[in-house]
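Student: below are the sequence and a predicted model; questions follow.
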Amino acid sequence: MIEQGKIKPVPQNDSEATVAPSIKHKDEAINWTKSGKDVRNLVRGLNPFPGAYTLLNGKVFKIYAVENVTPDYDGAEAPGTVTKVDKDGFAVACGGGAVKVIECQPSGKKRMTAEQFLRGRALASGTVLGS
């Protein structure tokens, strides 16, 4: 409709505008009990800065990109559990569904693809994130 010129722009009423609250560190933490869609939206909303995070072996582990994984996920694992590891990423169970981590940043390291992360570290299915 925009291309056809059928939409008439309406100016914002500045008297109704509000200021969004600042993002706090606690808002950046991934709550794995939420749905995969909610986790994906949090990660997307905080990328590129400040980035969503969880804990891996007690250290901050930032996650910058995920994609939803639901067809091959049976829901048997607890939220935050790594359910599957393959060459290009790893899946994590959520409260509803699962997400596949595509881009991450371990504590003290540079941002990297999940594939690059997995080349240098052994991450096994069953590992629990957030603890």
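Tutor: Okay, I see it.
Student: can you name the element that comes right after the longest strand anywhere in the chain?
Tutor: Counting by DSSP state E, the longest strand found in the chain is strand 59-69. With elements assigned by DSSP states H and E, the helix or strand that comes after strand 59-69 is strand 82-86.
Student: pull out the buried positions in that next one.
Tutor: When neighbours are counted by 16 or more other C-beta atoms under 10 Å, the buried residues of strand 82-86 are found to be 82-85. For glycine as for every other residue, the C-beta is placed from the backbone atoms N, C-alpha and C.
Student: farthest-separated two in these?
Tutor: Using C-beta to C-beta, these span at most 8.6 Å, a distance reached by 83 and 85.
Student: shared neighbours, the two?
Tutor: Common contact partners of residue 83 and residue 85 (C-beta atoms under 8 Å, 6 or more residues apart in numbering): 91, 125.
Student: return the member of the buried residues of strand 82-86 nearest to residue 37.
Tutor: residue 83 (16.8 Å).
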